[in-house]
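Asker: sequence plus the predicted model coming up.
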Amino acid sequence: MDFKIVTKKILDAFRAAEVRYSLIGGFALGVWEAGRSTVDMDFLVHRDDLDKIGKIMAGLGYECKYKTENVSQYVSSLKIFGEIDFIHAFRKASLEMLGRAKEKEIFNGEMKIRVLCPEDLIGLKLQAMRNNPSREQTDRADIEALVSLHREKLDWELLEEYFKLFEMEDSFKKLRNK
């Protein structure tokens, strides 16, 4: 996937259609300087914008391969455009995440993108670990990288809520005391 080309096309279309979105996943980690390799793009999007997103993605040559109430996945037959996954925000917590998203510069200031704050990225990582324990090692490393880089600016009360939500209070205590 050519992240620069895809990001420009997606962001231009999202802005034109007024899609409420935020970058998540591995690319978002990189925006917060906790980079790791990734092969796709992931977004949190407002559920009410799914029709707009479907039209945008089809217009860019993507095919919807999977869609549920919670997620959708679009894939291009062209390797340069790759795969883009969407988590649908409609519950209170995910809508609040969208509201807290920050606009950040990417590609040396060539573009700006809305990205979840580190606390919310950590919350999604905790959910992913709970849903798929085989992801624990990678997700825990991502969490520790975000905490290491942003420890002094983190909202520790929000983080504690996420750890409690997923019954991981001991992990929170260890992380907080590091």
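Answerer: Noted; the coordinates are in hand. Residues are numbered from 1 along each chain as shown.
Asker: mind listing what residue 76 touches?
Answerer: With C-beta atoms under 8 Å, 6 or more residues apart in numbering as the criterion, the residues that contact residue 76 are 60-63, 82-83. The way it works is simple: take the backbone N, C-alpha and C, and place the C-beta from them, glycine included.
Asker: now do the SS call for residue 19.
Answerer: The three-state label given to residue 19 by DSSP: H, G, I helix; E, B strand; the rest coil is coil.
Asker: so who does it touch?
Answerer: 13, 45-46, 49, 52-53, 56.
Asker: which of the residues you listed fall within strands?
Answerer: Using DSSP state E, the subset of the contacts of residue 19 located in strands is 45-46.
Asker: among the contacts of residue 19, which are in helices?
Answerer: When those are checked against helices (DSSP state H), the matches are 13, 52-53, 56.
Asker: can you put these in JSON lines and add pLDDT?
Answerer: Listed next are the ones in helices among the contacts of residue 19 as JSON lines, based on pLDDT from 0 to 100:
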{"residue": "13", "pLDDT": "97"}
{"residue": "52", "pLDDT": "97"}
{"residue": "53", "pLDDT": "97"}
{"residue": "56", "pLDDT": "97"}
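Asker: picking up where we left off before, out of the contacts of residue 76, which is nearest to residue 160?
Answerer: residue 83 (33.5 Å; C-beta to C-beta).
Asker: what about this structure, any weak spots by pLDDT?
Answerer: Scanning the chain for pLDDT under 70 picks out 37.
Asker: ok, which stretches of it are helices?
Answerer: Assigned by DSSP H, the chain shows helices spanning 3-17, 25-31, 50-59, 92-100, 118-131, 136-150, 156-165, 169-177.
Asker: now for the first one, which elements pack on it?
Answerer: Contacts defined by 3 or more C-beta pairs under 8 Å, 6 or more residues apart in numbering; DSSP states H and E place helix 3-17 against strand 41-46, helix 50-59, strand 111-115.
Asker: got the buried residues for that helix?
Answerer: Residues of helix 3-17 classed as buried by neighbour count (16 or more other C-beta atoms under 10 Å): 3, 6-7, 9-11, 13-14.
Asker: kindly calculate the angle that it makes with strand 111-115.
Answerer: Angle between the axes of helix 3-17 and strand 111-115 is 70 degrees (criterion: axes from the mean of the first three to the mean of the last three C-alpha atoms, to 10 degrees).
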